[in-house]
Every structure is written in structure tokens, then in C-alpha cells.
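S.K.: sequence and predicted structure below; questions after.
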Amino acid sequence: MMVVHVMQSGDILPQDQEPDTRHREELALDLEGKNRVLQEGSRLKSEFLAHMSHELRTQPNAVIGYTGTLLMKLPGRLTGSTKDSLKRFRHRAT
């Protein structure tokens, strides 16, 4: 008489392979697949954050640079209140 084990998945195991061992193998394969999905999600998240960080810094850096140019009086003389406002802006932006 031949003894076989029928798994829930429908797989038939030979007599010498215990169902518990086969079940652990199935779980390990499933876990490996889920880990690959999670790693890809993590990679995509990191890529997105790197791009967004760059995009969010670009505009303020331009404004801060322009403020510095104004404070150096390159375009011309500044009024006292304008100069004070620009200094406050630059101080808060950096």
C-alpha cells in the first residue's frame, strides 16, 4: 500500500515527505515573493522622495539667491523697510 499526503493546495506529496515540511516550503516561497514586492515598494518610495525633495528645494533656493542679490544692492539702492524685509526673509529661509 502506497501512502501519500494530499495538501490543501491540491499537491500530492510522496510518502517520505511530511506535510509539515512541504507547508513550510510553501510558506517560505510565499514570504520570498512578498519580500520582493516590499523591496520594490521601498525602492520606489525612496526614488519618489529623492525627486520630490529636489523639486521642493529648487524654488526656495532661487528666491533665497535673488534675495541675496537684492541685498547686495546689485539692482540699485534699497529703502530701509525693503532692506529689513529682505533680511528677515533671508534669515527665516535659511
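M.R.: That came through, no problem.

S.K.: L74 sits in which helix or strand?
M.R.: Under DSSP states H and E, no helix or strand contains L74.

S.K.: list phi and psi for it.
M.R.: Torsion angles at L74 (phi, psi; degrees, to the nearest 10) stand at phi -60, psi -40.

S.K.: pLDDT at it, what is it?
M.R.: On the pLDDT scale, L74 is placed at 76.

S.K.: run through the chain and note the low-pLDDT ranges.
M.R.: By pLDDT under 70, the weakly predicted segments of the chain are 1-10, 12-19.

S.K.: what are the boundaries of the helices in the chain?
M.R.: Assigned by DSSP state H, the chain shows helices spanning 19-71, 80-93.

S.K.: could you dump the ones you listed to JSON lines with distance to D11 and mean neighbour count?
M.R.: Every C-beta, even on glycine, is put in place using the N, C-alpha and C of the backbone. Converted to JSON lines, these look like this (distance: least, Cβ to Cβ, whole Å; neighbours: other Cβ atoms under 10 Å):
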{"stretch": "helix 19-71", "distance to D11": "7", "mean neighbour count": "11"}
{"stretch": "helix 80-93", "distance to D11": "64", "mean neighbour count": "12"}
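
S.K.: I figured T94 was touching I64, is that so?
M.R.: Yes. At 6.7 Å, T94 and I64 qualify as touching, with contact defined as Cβ atoms under 8 Å.
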